[in-house]
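K.L.:
fold the stuff below for me.
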Amino acid sequence: MKRSMDRILTTHGGSLVRPAAVIEGMRAWENGHEFDCDALEEAVRRSVDDVVAKQQAAGIDVPSDGEQGKTSFNRYAFNRISGLQQIELAPGERPQGIGKDRRDFADFYAQYDPLSRSMWMPPETETRPPSTLGLVTSRTGWVCSGEVKYIGSETLEAELRRFRTALDGKGFAEAFVPAGSPTVFEYGAKNRYYASREEYIFALAEAIHEEYRAIVNAGFLLQVDAPEMPDEYDRMIGMGDSDADYMKYAELSVEATNVALRGIPEDRVRYHICWGSWNGPHTNDVPLRRIIDLVFSIKAQAYYIEAANVRHEHEWQVWQEKKLPEGKVLIPGVVAHTTNVIEHPELVAQRIQRYAGLVGRENIIAGTDCGFSQGWNSPRVHPQVQWAKLQALSEGAALASTVLWPQ
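P.N.:
Below is the predicted model of the structure:
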């Protein structure tokens, strides 16, 4: 893994907003409608080429393919892992439990939910009724109803080839490919087959290990996305579980992730956590201080942590108390994905310098808090704003570098 040896390197959370042609194809595919598979494949190929070129233009050092070919950061694997089935939900049933944030701010969410996923969709798609957009009116969910095995090798190989072609000749320092953690898939598809939750989660770990290994063997960095590790706290507390219940879950999440990472060199892995990508109150998020030691136990070289969100920016203070383990890299989010306000490069530079002063300049890579569109139907900002934020990130890193490496 490249380090910031003579300047601050930049990266981002992985997902980028998809264009209309990709959105239309993925909507049809995910809703079981007829679509032109070749046309969708070509739209994804063009989009990957485009987002890689735009990352280069924005000054990003370590890019992704924007997850353009994935329906979402975790749902993609439901078609790469056997035993997972989409079902119709009963009236009033939700695919997941209701978190405390949703209980405390029910009036807010009643207005937010119908708008949150359509607000920044391309104009040619956002004007369609929510029932056709695959939004909150969808009455489907996923469950595990059979044996879990990895069946996505062919799809993954095509994804990696497409990304490698887009990178060719661009001169990036290196590139990364995101993949979900075992418990993020369990979060999205509840167990109806295995004897216990633990047995199911470790079966998922064994399955996704194949994807992790293939990504690294292809020469890419692996980013393990684990938003559920901190985010499950809000849901569990909202459903009446205790803090001790949550910590048991978080320990299980980390243990399963390490099983999935077995045999993979730590210097090829970055572990990403956030508190959920939605633009909501977040008053019930678990504090970083509560889980940081668990994060340190993950077999990865880089720890990628949301840090620009106003609910979590103050947690830079944790690094005054907790020493970054020797040889590790911290990727703090210094640009937020939850607002269309574009950070000033000087603010970005200040955030970077603060972290560099705590953990060492060579141990910092500057990132965004999370991806900008966790699924085809969940852009968090307008695409113009997305690229401007990445530009502000690279400009802020350049400003910080002039201070951290004075001539």
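K.L.:
only C-alpha atoms from now on, for both contacts and neighbour counts.
P.N.:
Will do.
K.L.:
which residue sits closest to Trp29, ignoring its sequence neighbours?
P.N.:
Of all residues not flanking Trp29 in the chain, Phe35 sits nearest, at 6.6 Å (Cα to Cα, 6 or more residues apart in numbering).
K.L.:
touching, that neighbour and Ala28? I think so.
P.N.:
Yes: between Phe35 and Ala28 there is a contact at 6.1 Å, judged by Cα atoms under 8 Å.
K.L.:
at which residues are the helices of this protein located?
P.N.:
20-30, 37-58, 100-104, 106-116, 123-126, 153-167, 182-188, 197-217, 228-238, 243-260, 288-296, 318-321, 345-359, 383-404 (DSSP state H).
K.L.:
switch these over to JSON lines; also include distance to Phe78.
P.N.:
Below are the helices of the chain laid out as JSON lines (distance: least, Cα to Cα, whole Å):
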{"stretch": "helix 20-30", "distance to Phe78": "11"}
{"stretch": "helix 37-58", "distance to Phe78": "18"}
{"stretch": "helix 100-104", "distance to Phe78": "26"}
{"stretch": "helix 106-116", "distance to Phe78": "23"}
{"stretch": "helix 123-126", "distance to Phe78": "25"}
{"stretch": "helix 153-167", "distance to Phe78": "12"}
{"stretch": "helix 182-188", "distance to Phe78": "8"}
{"stretch": "helix 197-217", "distance to Phe78": "11"}
{"stretch": "helix 228-238", "distance to Phe78": "16"}
{"stretch": "helix 243-260", "distance to Phe78": "17"}
{"stretch": "helix 288-296", "distance to Phe78": "26"}
{"stretch": "helix 318-321", "distance to Phe78": "36"}
{"stretch": "helix 345-359", "distance to Phe78": "37"}
{"stretch": "helix 383-404", "distance to Phe78": "27"}
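K.L.:
out of those, nearest to Leu330?
P.N.:
When the helices of the chain are compared by Cα to Cα, helix 345-359 sits nearest Leu330, at 7.9 Å.
K.L.:
by contact count, what packs against that closest one?
P.N.:
helix 318-321, strand 329-335, helix 383-404 (3 or more Cα pairs under 8 Å, 6 or more residues apart in numbering; DSSP states H and E).
K.L.:
check which residues of that helix are buried.
P.N.:
For helix 345-359, the neighbour count (16 or more other Cα atoms under 10 Å) marks 345-353, 355-356, 358-359 as buried.
K.L.:
and for stretch 321-341?
P.N.:
Using 16+ other Cα under 10 Å as the test for burial, stretch 321-341 gives 324, 328-338, 340.
K.L.:
what residues does it touch?
P.N.:
Contact with stretch 321-341 is made by 3, 277-279, 296, 301-309, 343, 348, 351-352, 355, 359, 363-372, 380-382, 385, 389, 393, as judged by Cα atoms under 8 Å, 6 or more residues apart in numbering.
K.L.:
same thing with stretch 48-60?
P.N.:
Residues outside stretch 48-60 that contact it (Cα under 8 Å, 6+ apart): 9-11, 16, 63-66, 68, 162-163, 166-167, 170, 172, 387-388, 390-391, 394-395.
K.L.:
mind listing what the residue nearest to Trp29 touches?
P.N.:
Residues in contact with Phe35, defined by Cα under 8 Å, 6+ apart, are 25, 28-29.
K.L.:
likewise Arg102?
P.N.:
Per Cα under 8 Å, 6+ apart, neighbours of Arg102: Tyr109.
K.L.:
give me the nearest residue to Gly238, chain neighbours excluded.
P.N.:
Spatial nearest neighbour of Gly238, excluding adjacent residues (Cα to Cα, 6+ apart): Lys100 at 3.8 Å.
K.L.:
make that Cys37, sorry
P.N.:
Per Cα to Cα, 6+ apart, closest to Cys37 is Gly25, 7.9 Å.
K.L.:
low pLDDT regions in the stretch 51-200 of the chain?
P.N.:
Low-confidence segments of the stretch 51-200 of the chain (pLDDT under 70): 91-96, 126-139.
K.L.:
picking that back up, isn't the residue nearest to Gly238 up against Asp241?
P.N.:
No: if you go by Cα under 8 Å, Lys100 and Asp241 don't touch, sitting 10.9 Å apart.
K.L.:
the two: which has the busier surroundings?
P.N.:
Between Lys100 and Asp241, counted using other Cα atoms under 10 Å, the more crowded position is Lys100 (21 against 13).
K.L.:
quick one: average confidence on stretch 21-37?
P.N.:
Average pLDDT, stretch 21-37: 90.
K.L.:
again with stretch 398-407
P.N.:
When pLDDT is averaged over stretch 398-407, the result is 96.
K.L.:
what does that stretch contact?
P.N.:
By Cα under 8 Å, 6+ apart, the residues outside stretch 398-407 that reach it are 6-8, 345-346, 349-350, 352-353, 361.
K.L.:
contacting residues for the residue nearest to Glu346 when sequence neighbours are not counted?
P.N.:
In this structure, Glu346 finds its nearest non-sequential neighbour in Gly396, 5.8 Å apart by Cα to Cα, 6+ apart. The neighbourhood of Gly396, defined by Cα under 8 Å, 6+ apart, consists of 344-349.
K.L.:
and Gly396, how far from Arg351?
P.N.:
Using Cα to Cα, to the nearest Å, we find Gly396 at a distance of 9 Å from Arg351.
K.L.:
any residues in contact with both of these two?
P.N.:
Joint contacts of Gly396 and Arg351 (Cα under 8 Å, 6+ apart) do not exist.
K.L.:
if we can go back for a sec, can you list the helices and strands packed on helix 345-359 in TSV and add distance to Ser253?
P.N.:
Shown next, in TSV, are the helices and strands packed on helix 345-359 (distance: least, Cα to Cα, whole Å):
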stretch	distance to Ser253
helix 318-321	22
strand 329-335	20
helix 383-404	31
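K.L.:
which one of the ones you listed lies nearest to Met247?
P.N.:
Judged by Cα to Cα, the one of the helices and strands packed on helix 345-359 that comes nearest to Met247 is helix 318-321, at 18.7 Å.
K.L.:
buried stuff in that closest one?
P.N.:
Counting neighbours by 16+ other Cα under 10 Å, one finds that helix 318-321 has no buried residues.
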